[in-house]
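> Have a look; sequence and predicted model below, questions after that.
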Amino acid sequence: TFTVEEAVETIGFGRFHIVLFLIMGSTGVAEAMEIMLIAVVSPLIRCEWQLQDWQVALVTTMVFFGYMVFSIVLGLLADRYGRWKILLLSFLWAAYFSLLTSFAPSYIWFVFLRAMVGGGVSGHAQGRKKNKQITAMCSCSNPFLSLGKVFWLAGSLLIIGLASVVNPTIGWRWLIRIASVPGILLILVFKFIPESARYNVSVGKTGAALATLQRIARMNGVAMPEGQLREPPKGRRGRFKDLIHPKYLRTTLQIWIIW
């Protein structure tokens, strides 16, 4: 018999991991463009709707408020229903409300719709978790985890470059529509992304987990380990209140302050 971790280590790093890294890393491009969009659009909506300083600041605040609230909700849903479903939902959600933002008739609508975009973008983190779950168990892939930060930088530079061309010509509404394109394109490649084998095993779907591992092995051109995939021992699932347990409280507070 063998575990998911042992299977991934046996399969090793290969073509599957590179393709998955590029797809999941691209979520950072889409996320950065949606988040950084406010910085290049705020001066224009200030003039168009005659906004005060606090009203401009409220837009950014509400984006991250939506991010904060929905990151908790989507994280809980992902633990229950799987990363793949929630990741797809988050991309559909973010793309839909981002496009709606470009048609916002007033400041109030703009703030509300951008808060919804922030909520959808928060679900992109499920993709990074999936990427790390599959790649981190293979020791040779560790450098790729740190390279993932490059995608956020690329997205930030891309939206700034687009803004310098689009804003003075066809306006900020078209900039928002263009910024939603990466997220829409990623939806089209979702068929390639498998559900996490570790998640499937944890909920008793051993057959689905084995199918995922066999698919990875085929793409990498290697053989699966011999024997049957065994389920790990059942343990208590984590709870939200565990974050404030004395054992983890210091780490929790440090992460909250950093973010």
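Yep, it's here.
> what about the longest helix in this protein?
helix 15-48 (DSSP state H).
> Could I get the buried residue list for that one?
Residues of helix 15-48 classed as buried under the neighbour-count rule (16 or more other CB atoms under 10 Å) are 16-17, 20-21, 23-38, 40-42, 44-46. C-beta: built from backbone N, CA, C; applies to glycine.
> Stretch 4-17 now?
Neighbour counts over stretch 4-17 (16+ other CB under 10 Å) mark 4, 7, 8, 9, 10, 11, 12, 13, 14, 16, 17 as buried.
> cool, stretch 202-209 as well?
For stretch 202-209, the neighbour count (16+ other CB under 10 Å) marks 202, 205, 206, 208, 209 as buried.
> Now intersect these with the helices, please.
In helices, defined here by DSSP H, the members of the buried residues of stretch 202-209 are 202, 206, 208, 209.
> Give me the lowest-pLDDT entry from those.
Least confident by pLDDT among these: that is residue 202, with 79.
> For residue 79, see how far away that residue is.
In this structure, residue 202 lies at 9 Å from residue 79, with CB to CB, to the nearest Å as the measure.
> all helices of the stretch 1-150 of the chain, in order?
Taking DSSP state H, counting those that start in this stretch to define them, one finds helices in the stretch 1-150 of the chain at 4-11, 15-48, 53-81, 83-101, 107-122, 125-135, 142-147, 149-166.
> Among these, which comes closest to residue 190?
With distances scored as CB to CB, the stretch of those nearest to residue 190 is helix 83-101 (5.5 Å).
> what's that closest one in contact with?
With CB atoms under 8 Å, 6 or more residues apart in numbering as the test, helix 83-101 has contacts from 30, 34, 74, 77-78, 110, 113-114, 116-117, 119-124, 126-127, 129-130, 176-177, 179-180, 183-184, 186-187, 190, 193-196, 199.
> how close does residue 173 get to residue 64?
22 Å.
> typo on my end, it should be residue 18
Separation of residue 18 from residue 64 (CB to CB): 32 Å.
> same question, residue 227
Distance check for residue 227 against residue 64: by CB to CB, it reads 48 Å.
> Looking at those two, which one has more neighbours?
residue 64 (16 against 10; other CB atoms under 10 Å).
> contacting residues for the more buried one?
By CB under 8 Å, 6+ apart, the contact set of residue 64 is residue 118.
> Which two among the ones in helices among the buried residues of stretch 202-209 are spaced furthest apart?
In these, the most distant members under the criterion CB to CB are 202 and 208, with 11.4 Å between them.
> quick one on the thing from earlier: which pair of the buried residues of stretch 4-17 spans the longest distance?
Maximum pairwise distance in the buried residues of stretch 4-17, criterion CB to CB, is 16.7 Å, between 4 and 14.
> So residue 68 versus residue 14, what's the distance?
In this structure, residue 68 and residue 14 are separated by 37 Å, where distance is defined by CB to CB.
> got the helices of the stretch 1-150 of the chain as a markdown table, with distance to residue 248 and mean pLDDT columns?
As requested, these are arranged in a markdown table below (distance: least, CB to CB, whole Å; pLDDT from 0 to 100):
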| stretch | distance to residue 248 | mean pLDDT |
| --- | --- | --- |
| helix 4-11 | 23 | 82 |
| helix 15-48 | 26 | 89 |
| helix 53-81 | 16 | 90 |
| helix 83-101 | 22 | 90 |
| helix 107-122 | 21 | 94 |
| helix 125-135 | 18 | 57 |
| helix 142-147 | 22 | 62 |
| helix 149-166 | 25 | 92 |
